[in-house]
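S.K.: Quick one: sequence plus predicted model below, questions after.
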Amino acid sequence: MSTAVFVAGTDTGIGKTHVSCALLHALRMHGQRAVGMKPVASGCLVTPAGLRNDDALALIAASDPRPDYATCNPFAFIEAVSPHLAAAAEGAEVTMPPIKTAFAQLAQNADVVLVEGVGGWLAPLSPTLEANALPQALGLPVILVVGLRLGCLNHAQLTARAILADGCRLLGWVGNAVDPAMDRYDDNLESLRRLLPAPCLGVLPHGLAPAQAAELLDSAVVALE
């Protein structure tokens, strides 16, 4: 029986993929077969092999065993906009059945499946689905990535409250230093530790590659055991 977790973010562009890849490396360092999944991705390149998204490719590269692309990323769209808009532009719509099927396939060959969200907690996926539908439908606990920058105290608290209000379990949060020049960095970290209703599972400094950042996420690995 495999373990699985959903990686959510306080916003888009705050390092969900960076933290997800670091966590995959950390799990593998602890002897786990860890596989990443990006169910929905907008902002893809057209290649001879089909549409390819950089975040999904990064997750695949950090995984062992490495999944095939279509299983990792069942819904891929060209335009780098909200998924519901990108899908509509291609006459498509994100639905849960293909995601559930791909997730089950990944779980058959992994000890841990890490499912990375898209955008923030309520990013629209279709006219009837938002990003929170992914952990709800798959029954996954959540790790929240907090982008450490001005505004993070508000964004983190709102997202944590939404996660709990939607009936999901918040395992903890990981701080990701997206702004190396953030004022009062240590004070903000201390505030997050005090304000958020879940433990800090690690803090990743700016500019550290995922493989090197993995050793800073031991607490996240323990939370998944």
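M.R.: Great, that's in hand.
S.K.: Please enumerate the strands of this structure.
M.R.: Applying DSSP state E to the chain gives strands spanning 3-9, 34-37, 40-42, 45-47, 50-52, 75-77, 112-116, 142-147, 170-176, 200-204.
S.K.: Quick one: the helices in this protein, in order.
M.R.: Using DSSP state H, the helices found in the chain span residues 16-29, 54-62, 69-72, 83-89, 96-108, 133-138, 152-165, 185-195, 210-213, 218-223.
S.K.: Can I get those helices in TSV including mean pLDDT and distance to Ala8?
M.R.: (Each C-beta comes from the backbone N, C-alpha and C, glycine too.) Shown next, in TSV, are the helices of the chain (pLDDT from 0 to 100; distance: least, CB to CB, whole Å):
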stretch	mean pLDDT	distance to Ala8
helix 16-29	98	7
helix 54-62	98	14
helix 69-72	98	18
helix 83-89	98	15
helix 96-108	98	16
helix 133-138	98	7
helix 152-165	98	7
helix 185-195	98	15
helix 210-213	95	18
helix 218-223	95	14
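S.K.: Minimum distance to Val40: which of the ones you listed has it?
M.R.: Closest to Val40 of the helices of the chain, according to CB to CB: helix 83-89, at 5.0 Å.
S.K.: What residues sit buried inside that closest one?
M.R.: Pro83, His84, Ala86, Ala87, Ala88 (16 or more other CB atoms under 10 Å).
S.K.: looking at the helices of the chain, which is buried most?
M.R.: helix 16-29 (a mean of 25; mean count of other CB atoms under 10 Å).
S.K.: ok now that one, how far from the chain's centre?
M.R.: When distances are taken as CA atoms, centre = their mean, to the nearest Å, helix 16-29 is centred 10 Å away from the chain's centroid.
S.K.: Taking strand 3-9 as reference, get the angle to that helix.
M.R.: Helix 16-29 runs at 150 degrees relative to strand 3-9, counting by axes from the mean of the first three to the mean of the last three CA atoms, to 10 degrees.
S.K.: per-residue confidence for the residue of the chain most remote from its centre?
M.R.: Centroid-distance maximum for the chain: Pro48 at 27.0 Å, with CA atoms, centre = their mean. Pro48 is assigned 97 on the pLDDT scale.
S.K.: need the strands of the chain in JSON lines with distance to Leu125 and mean neighbour count, can you?
M.R.: Converted to JSON lines, those look like this (distance: least, CB to CB, whole Å; neighbours: other CB atoms under 10 Å):
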{"stretch": "strand 3-9", "distance to Leu125": "13", "mean neighbour count": "25"}
{"stretch": "strand 34-37", "distance to Leu125": "15", "mean neighbour count": "28"}
{"stretch": "strand 40-42", "distance to Leu125": "6", "mean neighbour count": "26"}
{"stretch": "strand 45-47", "distance to Leu125": "21", "mean neighbour count": "10"}
{"stretch": "strand 50-52", "distance to Leu125": "17", "mean neighbour count": "16"}
{"stretch": "strand 75-77", "distance to Leu125": "8", "mean neighbour count": "24"}
{"stretch": "strand 112-116", "distance to Leu125": "13", "mean neighbour count": "27"}
{"stretch": "strand 142-147", "distance to Leu125": "16", "mean neighbour count": "26"}
{"stretch": "strand 170-176", "distance to Leu125": "21", "mean neighbour count": "23"}
{"stretch": "strand 200-204", "distance to Leu125": "26", "mean neighbour count": "21"}
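S.K.: Which of these sits closest to His155?
M.R.: Short answer: strand 142-147, nearest of the strands of the chain by CB to CB, at 7.5 Å.
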